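# following is a predicted model, sequence given first.
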Amino acid sequence: MVHFMDYGSLISGSVEYAKEALWGKWGRWVLLIVLSLIQVFTLFLIPLYNGYIVRVLSGRRPAPEINEWGRLFVDGWKWNIITLIYAIPVILILAYFGGIAVISAIAARGLDNPDVWAPAVAAALSGILLAALVAIIISFVSLFAVVRFAHTGRFGEAFNFGAIFSHIGRIGWGSWIIAVIVLALIGLVYAVVTGLIMSIPILGWIINLFLGVAFGIFHARYLAAAYESAPAPG
């Protein structure tokens, strides 16, 4: 059975979830900001914030508390590894075309004729465009895979492609793809708004820290709700 999503309810429900998770719960909000900063400044080596987002992706209602720090750390690292594995095709494409570009550039070294550099430029641009296309295609599966991992609590389920494709089929590939595109468009609007806010000295940076955590929870809840719109295969 193909499920047709109510995207308006999906968005409004996720906004309400984020609001209930943070509004009036200032201690939780500030702590999540601190965890997100630690994660960024340690280059994701201490992914406690991602570990919390995994709990939101798991479908917990209401929003979970920040506790069991060891579990947060482990889940955050599992997310890191899942994301890295799914990124391997993109990395290989960039490495391949980047290598061609480097070789072409070395061969043209010291020559002033722009036409000689054309192969290097063409290889670099081709690699970037192909990598971007592959990344977009993979994202429709990788996002679902992370949510499946969060819901089941089992790392291997992020790569259970039979179950992943079966579940997406129950939701409807068209419905799921549109859901991801809608989320991407919301992310684009969010990026524009936060970019404008950043023009406010100091205060803009602080505001965006709070908005970043709120958007992270909204983003995770949206994906979890879309995932739950049809029952997972047994």
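Sure thing, it's come through. Numbering: from 1, shown residues only.
# ok, the residue nearest the centre of the chain - contacts?
Nearest to the geometric centre of the chain sits residue 143, at 6.8 Å (CA atoms, centre = their mean). Residue 143 makes contact with 180, 223 under the criterion CB atoms under 8 Å, 6 or more residues apart in numbering. Just so you know, the C-beta spots here come from the backbone N, C-alpha and C atoms, and that holds for glycine as well.
# and with 10 Å instead?
57, 86, 176, 179-180, 183, 219, 223, 226-227 (CB atoms under 10 Å, 6 or more residues apart in numbering).
# low-scoring stretches of this protein, by residue?
1-4, 101-102, 104-120, 234 (pLDDT under 70).
# would you map the strands across it?
With DSSP state E, there are no strands along the chain.
# now the helices: where do they sit in it?
Taking DSSP state H as the test, the helices found in the chain are 7-22, 26-41, 48-57, 69-107, 114-152, 161-171, 173-197, 203-227.
# winner for burial among those helices?
Most buried of those, by mean neighbour count (mean count of other CB atoms under 10 Å): helix 48-57, with a mean of 24.
# centre of the chain to it, how far?
How far helix 48-57 lies from its chain's middle: 12 Å, per CA atoms, centre = their mean, to the nearest Å.
# relative to helix 26-41, how tilted is that helix?
With axes from the mean of the first three to the mean of the last three CA atoms, to 10 degrees defining the directions, helix 48-57 sits at 120 degrees from helix 26-41.
# what's the spacing between residue 209 and residue 15?
Using CB to CB, to the nearest Å, we find residue 209 at a distance of 19 Å from residue 15.
# and the helices of the chain: which comes nearest residue 63?
Ranking the helices of the chain by proximity to residue 63 (CB to CB) places helix 7-22 first, at 3.3 Å.
# who does that closest one touch, helix- and strand-wise?
helix 26-41, helix 48-57, helix 173-197, helix 203-227 (3 or more CB pairs under 10 Å, 6 or more residues apart in numbering; DSSP states H and E).
# how about a cut-off of 7 Å?
In terms of contacts (3 or more CB pairs under 7 Å, 6 or more residues apart in numbering; DSSP states H and E), helix 7-22 is packed against helix 173-197, helix 203-227.
# and the angle from that helix to helix 203-227?
Using the same axes, to 10 degrees: helix 7-22 against helix 203-227 is 120 degrees.
# hey, C-alpha coordinates of helix 7-22 in PDB?
C-alpha atoms of helix 7-22 as PDB (Å, rounded to 0.1, in the frame of the first residue of the first chain):
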ATOM      1  CA  TYR A   7       3.300  17.400   4.300                       C
ATOM      2  CA  GLY A   8       1.600  20.300   6.000                       C
ATOM      3  CA  SER A   9       0.900  18.200   9.100                       C
ATOM      4  CA  LEU A  10       4.400  16.800   8.900                       C
ATOM      5  CA  ILE A  11       5.900  20.300   9.100                       C
ATOM      6  CA  SER A  12       3.500  21.700  11.700                       C
ATOM      7  CA  GLY A  13       3.900  18.600  13.900                       C
ATOM      8  CA  SER A  14       7.700  18.800  13.700                       C
ATOM      9  CA  VAL A  15       7.600  22.500  14.600                       C
ATOM     10  CA  GLU A  16       5.400  21.800  17.600                       C
ATOM     11  CA  TYR A  17       7.700  19.000  18.700                       C
ATOM     12  CA  ALA A  18      10.700  21.300  18.600                       C
ATOM     13  CA  LYS A  19       8.800  23.900  20.500                       C
ATOM     14  CA  GLU A  20       7.800  21.600  23.200                       C
ATOM     15  CA  ALA A  21      11.300  20.200  23.400                       C
ATOM     16  CA  LEU A  22      13.000  23.600  23.900                       C
END
